[in-house]
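> Below are the sequence and a predicted model; questions follow.
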Amino acid sequence: MPKPPERPGVGATTAGMPFLADDPDLPRPCDRELAHDDAAVELARLDENFVRGCKKCALHAQRNKTVFGIGHPRPTIVFVGEGPGADEDAQGIPFVGRAGQLLTRMIAAMTLTREQVYICNIVKCRPPGNRTPTEDESSTCSPYLYRQLAILRPRVIVALGRPATQTLLATKAPIGRLRGQFHDFPPPALAHYGLPAAALMPTFHPAYLLRSPGEKAKAWEDLQQVMRYLDIPIPSR
């Protein structure tokens, strides 16, 4: 299990980290830990100035709204899915459909609320027919996610499903082999983004759990590992 990443004090700089700063269409990633209000401002700036008007891939052509993310701007846990569905595309909020309702219950089982964590996706626009994002779409959009994570600086990232897990760990390994154990984030392939260290726990996507309810026990085991890692008491059942 990875060691809990050390978190610098608010305002502490991490000078010398090799940030990718040569893309004129993206802001420089945040290189220090921000206070609550400052983090909220930086997230809003990234959303309003860069994500909402993005036309970098074909997904923008059919979207109603971009779906940036929602939750606490200084969270301990960030949940990352693959992409918005129809309900999310209509409302501009991640995980509000049936899968989102299940995710809310999963978070509640951890004795937390959606307001205490942060929820987002790999891609910010809905893929047609709710299909899995292509590798090109994920690679084009994921820098927005990396900048979110640089601002949020969570201790734990919960990757929901195969696309999110494979993108965040830069691997092709199947989710069944990756879930159930912590992984160091970022992987070497993403080192050039200068991302803050976190422990990453892959688990099943709520949409998959709706189709395969027999796997819910495994997902709960994964979430309990996160709770133990963060010293969150596990309620007796």
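Now that the structure is in, tell me what you want to look at.

> for the chain, what's the longest helix?
The single longest helix within the chain, with elements called by DSSP state H, is helix 135-152.

> After that one, which helix or strand is next?
strand 156-160 (DSSP states H and E).

> and that next one, what other elements does it pack with?
strand 77-81, helix 162-169, strand 198-203, helix 216-229 (3 or more CB pairs under 8 Å, 6 or more residues apart in numbering; DSSP states H and E). (Each C-beta comes from the backbone N, C-alpha and C, glycine too.)

> what's the angle between the longest helix of the chain and strand 77-81?
If you take axes from the mean of the first three to the mean of the last three CA atoms, to 10 degrees, helix 135-152 sits at 170 degrees to strand 77-81.

> Output the below-cut-off pLDDT ranges for this protein.
1-32, 237 (pLDDT under 70).

> all strands for this protein, in order.
For the chain, strands defined by DSSP state E occupy the ranges 70-71, 77-81, 118-121, 156-160, 183-185, 198-203.

> Nearest to residue 42, out of the ones you listed?
Shortest distance between residue 42 and the strands of the chain, using CB to CB, is found for strand 118-121: 13.0 Å.

> what's in contact with the closest one?
67-73, 75, 77-84, 94-95, 103, 145, 148, 152, 154, 164 (CB atoms under 8 Å, 6 or more residues apart in numbering).

> neighbours around residue 137, how many?
Residue 137 has 21 neighbouring residues, counting by other CB atoms under 10 Å.

> That one is in contact with residue 128, isn't it?
No: using CB atoms under 8 Å, residue 137 makes no contact with residue 128, being 10.9 Å away.

> any chance of the helices and strands packed on strand 156-160 in JSON lines, plus mean neighbour count?
Output for the helices and strands packed on strand 156-160, formatted as JSON lines (neighbours: other CB atoms under 10 Å):
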{"stretch": "strand 77-81", "mean neighbour count": "27"}
{"stretch": "helix 162-169", "mean neighbour count": "24"}
{"stretch": "strand 198-203", "mean neighbour count": "25"}
{"stretch": "helix 216-229", "mean neighbour count": "16"}
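
> so which of the ones you listed comes closest to residue 57?
Of all those, helix 162-169 comes closest under CB to CB, at 14.3 Å.

> Look up how far residue 133 lies from the closest residue to residue 57 other than its chain neighbours.
For residue 57, ignoring the flanking residues on the chain, the nearest one in space by CB to CB, 6 or more residues apart in numbering is residue 140 at 4.6 Å. Distance from residue 140 to residue 133, counting by CB to CB, to the nearest Å: 9 Å.
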